[in-house]
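In: task: produce atomic coordinates for the following.
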Amino acid sequence: MSKHFFSFVSVLALSGGLTVPAEAHRASIVVTSPRQSFSFDRDWKMQTGDDARASEVAYDDRTWKDVVLPHAFNEEEAFASDIHAQKTGITWYRKHFKLPADAKPEHVFIEFEGVRHIADVWVNGQSVGYNENGVMAFGFDISKALKPGDNVIAVRVNNDWAARERTTGTRYQWSDKNFYANYGGINKSVALHLTVGVYQTLPLWSSLETTGVYIYGKDYDIAAKAATIHAESEVRNDTAAPRTLTYGAELRDLNGKRVAKFTSAPVTVAAGQTATLSAEQRVTGLNFWSWGYGYLYTVTTTLSENGKVIDAVDTRTGFRSTDFSNGKITLNGRVLVVKGYAQRSTNEWPGVGISVPPWISDFGNNHMLEGNGNLVRWMHVTPSKQDVESADRLGLLQAMPAGDSEGDPQDRRFDLRVDLMRDAIIYNRNNPSIVLYESGNKGITEAHMAQMKAVRDLYDPHGGRAIGSREMMGSKIAEYGGEMLYINKSKSKPMWATEYSRDEAARAYQDDFTPPFHKDSPAYNRNVESIAVENVKRWWDFYRYRPGMGDRVSAGGVNIGFTDSNSHFRGDNNYRRSGEVDAMRIPKDSLWVHKVMWDGWVNSEGHHTHIIGHWTYTPGVRKDIFVASNGDSVELFVNGKSLGRGEKSDGFLFTFKNVSYAPGELKAVATYADGKTSEDVRKTAGAPVAIKLTPLYGPRGLMADGMDAMLVDVEVVDAAGNRVPTAFNKINFKLDGAAVWKGGLAQEEIGANGLGDKKTSTNYVLSQVLPVEGGVNRVMIRATTKAGKVTLTASADGLKGATVATTSKSVPVRSGLSKVFAEDYQPVNLKRGPTPPTPSYTDTKRGVTVARITAGSNQTEAARSRDDNEATTWNSDGTAGTAWIEYDLGTPQAVNSVSLRMTGWRVRTYPLKITLDGVVVYAGTPEKNLGYVDLNWPAKTGQKLRIELTSGTEDRDGFGNIIEVTSDRQGASTGAEKVKTGNILSIVEADILGPVR
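Out: Below you'll find the predicted structure:
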């Protein structure tokens, strides 16, 4: 197995097996009280098609399909069909259940983590309510509809793309066929909560108008490992008499050890009233949640009356400090550059959509950390609670949206977005991994930004989370911004790119010399090698403007996307292939390229080298070899013979031209300034001789709960057991026992000659014949609700076959209820360790002060070229002799660089001359760029720096087709359409820089 082929075994080893019981807002399992929480996912029946009688208690559902939630009725379409063609319609779900015989609850709440899109709910034939946003959690108090013994719940779900709010007829903007794959039905988990008449509420605003528990830290002293921990709960007294309550909180660490306990003074809550009770205490010896260090605590909040606990809730959370100022993001007192991915919130898998067990969410999401990413920006809608909690455990920062497609509607559609943001904040405000709230997938008006910020301030004023939106460069309200494609800098609020490097490549297409051959055509439709090279170049755009490179810096950027996605394809397939891993989470070279560049909070740290591609070719091949490394130089060896040192470019890329293939070993050795080295090796594989199967399980093994699954990696190997990177053998799978085949994904041949419409391809989804690609693939097998032996056999013509077997284990469930929640068994990731106490960078450039600005024309607007606002521009008046601007530094200062953002930077050429006290320090035409261009010279001391246009400007796009849709073009405008070519010098920002003294 390649050293770059990630196995989940490493996830389990990260924490030493530590687990943290009980996710948020469930009945405590460490403090006893009458409150009980149950998983409500088992024993459902499902039927597509409408039937008005299906809500009736006596309805005969015996012929319906047995399902375990979460279960979208059209899950098998994931990656098998175009998102626009996903099935819609009415789907009914029904379930019989009984409450425990010894339970005497006064309230029974049902909590749906989400349903797509409109859900009407009946209990024992009585309507208990509906929900229609198709994204967020909701719930109902079903107490009055229940009866002793058998109860029936029925849910009617309509996943129409054109779903509308019933009261106004308004469409939900985020229900968009480009961006939000429509896995319809009850596609997230369901829970049941039993309480007495005085209780802590659930964080379900839209349906129950309650806010639940809120835990946060304040007054952080990171060095002393101390903070004040605050706990508060919304408490409801639904009894007929006032109740005097003592509110308490207990804090337990990963080992279950209680590290703090504190209480409030007694408070009387009147009958029928709701009150917020709170307590706080200074706590020392804390382990702070951090990047790659998912340290979590269990906070148990209690209500006591006359010394007896009557309600206890466990909330799993973590504590960390944040700051969003000076153009930087700071975590636990240390500056962190954003490095990660923009990922569709559906985060789907082939054949199952979003319905995977928690361990598979951790397995997939952990790849981002394996590639040294630190943040995932979920796109368009709020992610599932399962993914939110996964990021908590892993130590992966998140940017959380509410709901949007594109644009800023000025009607009821935006009100719906505000309502959804409120629900999402209330539901997720205790999750430490969320550090950013996204108010829109595009920029919004200041009035709308103020609305969103007011929601944050009301419901999460102490969570340490910035709220902002894409673009928003000139906003006075947004707390962060950043364009989709381009490079922004700031010395005030952080600016980070929300979707950079938009190219894509299917994993099957390795390079120009490996079948199936795939040249880059069109420019964005690449192979794995060329997109890895492109990703080095695109990260360099941000890395060179990191903190330490002046007073205006970039806060980083996130690459689109992390996995191949069923949403918003634009290539020749019916799914998007821009992931660093494919849909089955098998890495492409780009993941390891990012690992090379991204290790470190700001600067690239550690010692990493990665040879892009393989070393198994046909005789006579001569090709360029690309190596990504954070070393100072890289030397390449073929069978021990040095080919010299590579040509370094873009900070991390080393190119060796026209290398002749010779069977054996290809080795790259990087050397660093400190004398250390790192290396990477590729060896020629022999002929394919066998199949190798490697099973991957969650921490409990395969559980017979109807939702758990096992992954099986399948490789074609040579006689020495090495994967053959040129193998594309078709593998025949045979599954026996208590499991259901869900399969994998591969590029499907269309027609006898391999040609045809790939947008109608099924991509081998659910097929039990599946080719490996580059010698490897992966399949998924889902457990049934019956425990037993499971055997998978793989065979192929001319290869030795392989078999794996396991036995699934039963999960207790009684009368439709279970106390087992799979997420409680997931370990946390502590691999990276706590936030280092040292600074994450040192200054290598300084911003030069400017006392006065004089312009050849339009003097009143000259300050716009230095106002730290990329939404404003200074333009000369179009006359040749007045196309200049001069910066008086006040006193002579050392200057060695000007970093310019000019209008139309991607398409426009500006012939320039720069003088310092009349001496020319730069003359030429700056390269086209994606935001800023740096003009450098040996440091000189002077007082007056003049920038002058020497001849007319011209336009021609230097970056090809990186825009996808009309709204993208508008939102990521370079401004070229607003300023004419010719004798106009147009400067957005001019950063004058000098060496650090």
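
In: residue contacts, R465?
Out: By Cβ atoms under 8 Å, 6 or more residues apart in numbering, R465 lies in contact with 322, 434-437, 456. Where you see a C-beta, it was placed from the backbone N, CA and C, and this is true even at glycine.

In: helix or strand: which one has the residue nearest to R252 when sequence neighbours are not counted?
Out: Nearest residue to R252, sequence neighbours excluded (Cβ to Cβ, 6 or more residues apart in numbering): T298, at 4.5 Å. Assigned by DSSP states H and E, T298 belongs to strand 297-305.

In: what do you get for T791?
Out: strand 789-796.

In: quick check: next helix or strand after the worst-scoring helix or strand of the chain on mean pLDDT?
Out: Least confident helix or strand, the chain: helix 9-13 with a mean of 38, by mean pLDDT, DSSP states H and E. Where DSSP H and E defines the elements, the next helix or strand beyond helix 9-13 is strand 26-27.

In: what's the local residue count around H380?
Out: Residues near H380, counting by other Cβ atoms under 10 Å, number 26.

In: any idea how far it is from M473?
Out: To M473, H380 is 21 Å away according to Cβ to Cβ, to the nearest Å.

In: kindly report the same for E348.
Out: 33 Å.

In: tell me which of those two has more neighbours.
Out: Using other Cβ under 10 Å, the more surrounded residue of E348 and M473 is E348, with 25 against 19.

In: shouldn't T860 be within a strand?
Out: No. Using DSSP: H, G, I helix; E, B strand; the rest coil, the secondary structure at T860 is helix, not a strand.

In: next one, pLDDT for it please.
Out: Note for T860: predicted pLDDT of 98.

In: just to revisit the earlier point, any idea of the angle the following helix or strand past the strand holding T791 forms with strand 789-796?
Out: With elements assigned by DSSP H and E, the helix or strand that comes after strand 789-796 is strand 799-807. Between strand 799-807 and strand 789-796, the angle comes out at 170 degrees (axes from the mean of the first three to the mean of the last three Cα atoms, to 10 degrees).

In: may I see the buried residues of strand 799-807?
Out: Neighbour counts over strand 799-807 (16 or more other Cβ atoms under 10 Å) mark 799, 802, 804, 806 as buried.

In: would you confirm that E250 contacts K257?
Out: No. The pair E250 / K257 is not scored as a contact, 10.8 Å apart, by Cβ atoms under 8 Å.

In: pick out whichever of the two has more residues nearby.
Out: Taking other Cβ under 10 Å, E250 and K257 do not tie; E250 has more neighbours (22 against 8).

In: which helix or which strand is home to the more buried one?
Out: strand 243-252.

In: got the contact list for that strand?
Out: 30-31, 198, 229, 231, 233, 235, 237, 258-269, 271, 277-279, 281, 283, 297-305.

In: how far does that strand sit from its chain's centre?
Out: With Cα atoms, centre = their mean, to the nearest Å as the basis, strand 243-252 stands 35 Å off its chain's centre.

In: excluding residues flanking it in the chain, which one is nearest H462?
Out: The nearest residue in space to H462 (Cβ to Cβ, 6+ apart) is Y216, at 4.5 Å.

In: share the number of residues neighbouring the one you found, please.
Out: 21.

In: show me what the helix or strand where it lies is packed up against.
Out: Following DSSP H and E, the helix or strand that holds Y216 is strand 213-221. Judged by 3 or more Cβ pairs under 8 Å, 6 or more residues apart in numbering; DSSP states H and E, strand 213-221 is in contact with strand 226-237, strand 297-305, strand 308-317.

In: the same query, at a cut-off of 10 Å, please.
Out: Counting contacts by 3 or more Cβ pairs under 10 Å, 6 or more residues apart in numbering; DSSP states H and E, strand 213-221 packs against strand 226-237, strand 243-252, strand 274-283, strand 297-305, strand 308-317.

In: could you list the buried residues of the fourth one?
Out: Of all the residues in strand 297-305, those buried under the rule 16+ other Cβ under 10 Å are 297-304.
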